[in-house]
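Enquirer: Sequence and predicted structure, then a few things I'm wondering about:
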Amino acid sequence: MTFSIAARCPRTGQLGVGALTATPGVGKLVAHVRPGVGAVATQALHNPFLAYDGLPLLAEDRSPRDVVTELLARDPGREVRQVGIVDDQGRSYAFTGSRTPDWSGHRTGPDYAVQGNRLVGPDTLTGIIQVFEESRDLDLAERLVRAIEVGEESGGDRHGARSATVTVIGDEPYPLWDLRVDDAGQPARELRRLHGVFEEELLPAIRQLPTRADPMGQAARQALGQHGDRPS
């Protein structure tokens, strides 16, 4: 792994993860998000149970610090792990094991946890945080794509970049955004291209899907010739 950001939008409550790495398929294991609960990025030598077990603990209103502390106490490989968590209140916590590849480290703040390993240096994380904080008025998916772009431009992974991902969850269990570049020479550039395609062609359809509050969904309502607004 190389770098990731787990984040929350305080305006919308959306939760998400963005990541970029020098190996293929970063989206398969790094990004874990549950609506109304939190977002987890797990990397370095992966332990996916930091996310699979961590999100249910967050759902019990445990703090990110408490969750990470408990899970790492069970993990004999913790010194080669790296994890960042943000909960639905914007609380954040991250951990970097002492034997993760240099340069490695993390930064946390309200609504974000940024972590990286095998980087050219700490400036990568500094740049990610700066662009994320300066884009508060934008949608979370856009902010995460910008963070990936800046991270790659700053040098990112010492071995180059090969895959990237952005996942964002709103109020429903299915993602609003699920962008994955599994193997590309310039994954951040391809991520940006996919963001544009998704925003124009797929996001409008996702917004018309059934929701818990509207089991029919706007798309089905239109197809069946029924008019009127969604249920309140």
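Expert: The structure has been received and is ready for your questions. Numbers count the residues shown, from 1 in each chain.
Enquirer: okay, CA-based contacts and neighbour counts for the rest of this
Expert: Fine.
Enquirer: Quick check, pLDDT for residue 155.
Expert: If you check residue 155, the pLDDT there is 66.
Enquirer: In terms of helices and strands, where is residue 124?
Expert: Using DSSP states H and E, residue 124 sits in helix 123-133.
Enquirer: Give the bridge partners for the spatially most central residue of the chain, please.
Expert: By Cα atoms, centre = their mean, the chain has its centre lying nearest to residue 17, at 0.3 Å. Per DSSP bridges, the residues bridged to residue 17 are residue 6, residue 167.
Enquirer: cool, and residue 96?
Expert: Beta-bridge partners, per DSSP bridges, of residue 96: residue 82.
Enquirer: Quick check: the gap between it and residue 214.
Expert: Going from residue 96 to residue 214 by Cα to Cα, to the nearest Å gives 42 Å.
Enquirer: Give me the more crowded residue out of the two.
Expert: Shown here are residue 96 and residue 214; by other Cα atoms under 10 Å, residue 96 has more neighbours (21 against 13).
Enquirer: Report whether the expected contact of that one with residue 102 is present.
Expert: No. Using Cα atoms under 8 Å, residue 96 is not in contact with residue 102; the gap is 10.9 Å.
Enquirer: Residue ranges in this protein under the pLDDT threshold?
Expert: 1, 155-159, 227-232 (pLDDT under 70).
Enquirer: need the longest helix for the chain.
Expert: The helix that spans the most residues within the chain, counting by DSSP state H, is helix 140-153.
Enquirer: who does it touch, helix- and strand-wise?
Expert: Judged by 3 or more Cα pairs under 8 Å, 6 or more residues apart in numbering; DSSP states H and E, helix 140-153 is in contact with strand 3-8, strand 15-21, helix 123-133, strand 163-169, helix 187-197.
Enquirer: Pull up the gap between the closest residue to residue 63 other than its chain neighbours and residue 84, please.
Expert: Nearest non-adjacent residue to residue 63, counting by Cα to Cα, 6 or more residues apart in numbering: residue 91, 7.3 Å away. To residue 84, residue 91 is 11 Å away according to Cα to Cα.
Enquirer: swap in residue 16?
Expert: Here residue 16 is placed at a distance of 12 Å from residue 84 (Cα to Cα).
Enquirer: so what sits against both of these two?
Expert: Both residue 16 and residue 84 are contacted by residue 6, under the criterion Cα atoms under 8 Å, 6 or more residues apart in numbering.
Enquirer: isn't residue 85 right next to residue 106, touching?
Expert: No. Judged on Cα under 8 Å, residue 85 makes no contact with residue 106 at a distance of 11.3 Å.
Enquirer: more neighbours, these two?
Expert: residue 85 (36 against 22).
Enquirer: can you confirm the more buried one is in a helix?
Expert: No. Read with DSSP: H, G, I helix; E, B strand; the rest coil, residue 85 is strand and lies in no helix.
Enquirer: burial count for the nearest residue to it once chain neighbours are set aside?
Expert: Take residue 85 and drop its neighbours on the chain: the residue closest to it by Cα to Cα, 6+ apart is residue 40, 4.6 Å away. For residue 40, the tally of surrounding residues (other Cα under 10 Å) stands at 33.
Enquirer: Having no further points to raise, I will conclude here.
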